[in-house]
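Asks: Give me a model of this one.
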Amino acid sequence: PPPNGGPRRSADLMAIVKRARAPNNALQPVASGAGQSALTPKELTMIRTLIAALLAAASLGAFAAADANKASKTELESVTGVGPALSGRILAERQKAPFKDWPDMIQRVQGVGPASAARLSKGGLTVASAEYKATLSTAVAPPATAPAAAKALPAAARK
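Replies: This is a model prediction of the structure:
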């Protein structure tokens, strides 16, 4: 037997599941009867753990991941924040040439800046299989206000 005392084979696990099936196809403990034994607490815990693991694996598949260089229009639109207009602009630019990296996409696709790139990346969009990471080349400095710009000029130029 295995060291954890669990079932030895997948056939043992299937036998446990079959014993636990109710007429409505839901899992529940089965009372002892002719030729059947009740599920042990350990078996119930194992079944619950298996179901939780299957649900967790299914939820990972629901995460919309798409690469800007490979995804179809539908796949792009499955990413949070990408609608028909943005997916169209991405596809139009991609037809000209594949995106080298995020800064290339930010430069070429209207409506995609550093802030939206961060949101799109968080939603599952990648460029050349890479997530967005802000760099100095993609960071945009805020425009100088008129008073700040005037202070920067030499006194002779302000007159």
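
Asks: Can you pull the poorly scored residue ranges out of this protein?
Replies: By pLDDT under 70, the weakly predicted segments of the chain are 1-37, 57-64, 135-159.

Asks: Name the single longest helix found in it.
Replies: Looking across the chain with DSSP state H, the single longest helix is helix 41-61.

Asks: Any chance you could give me that one in CSV, C-alpha atoms only?
Replies: Taking Å, rounded to 0.1, in the frame of the first residue of the first chain, the C-alpha atoms of helix 41-61 are listed here in CSV:
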residue,chain,number,x,y,z
PRO,A,41,-13.8,10.2,6.3
LYS,A,42,-10.5,9.8,4.6
GLU,A,43,-12.1,8.8,1.4
LEU,A,44,-14.6,11.7,1.6
THR,A,45,-11.7,14.1,2.1
MET,A,46,-9.9,12.7,-0.8
ILE,A,47,-12.9,13.1,-3.1
ARG,A,48,-13.5,16.7,-1.9
THR,A,49,-9.8,17.5,-2.5
LEU,A,50,-10.0,16.0,-6.0
ILE,A,51,-13.1,18.0,-6.9
ALA,A,52,-11.4,21.2,-5.5
ALA,A,53,-8.3,20.5,-7.6
LEU,A,54,-10.4,20.0,-10.8
LEU,A,55,-12.3,23.2,-10.2
ALA,A,56,-9.1,25.1,-9.6
ALA,A,57,-7.6,23.7,-12.9
ALA,A,58,-10.8,24.7,-14.8
SER,A,59,-10.7,28.2,-13.5
LEU,A,60,-7.1,28.6,-14.7
GLY,A,61,-8.2,27.8,-18.2
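
Asks: This structure: helices as residue ranges?
Replies: For the chain, the helices defined by DSSP H occupy 10-20, 41-61, 73-77, 84-96, 102-108, 114-122, 146-152, 155-158.

Asks: Remind me what the longest helix of the chain packs against, helices and strands.
Replies: If you count contacts as 3 or more C-beta pairs under 8 Å, 6 or more residues apart in numbering; DSSP states H and E, helix 41-61 packs onto helix 10-20. For the C-beta atoms, the positions are set from N, CA and C on the backbone; glycine is no exception.

Asks: what's the neighbour count on Thr74?
Replies: 9 (other C-beta atoms under 10 Å).

Asks: if I look at it, how far off is Met46?
Replies: Between Thr74 and Met46 the computed distance is 39 Å (C-beta to C-beta, to the nearest Å).

Asks: same deal with Glu77?
Replies: Distance of Glu77 to Met46, given as C-beta to C-beta: 40 Å.
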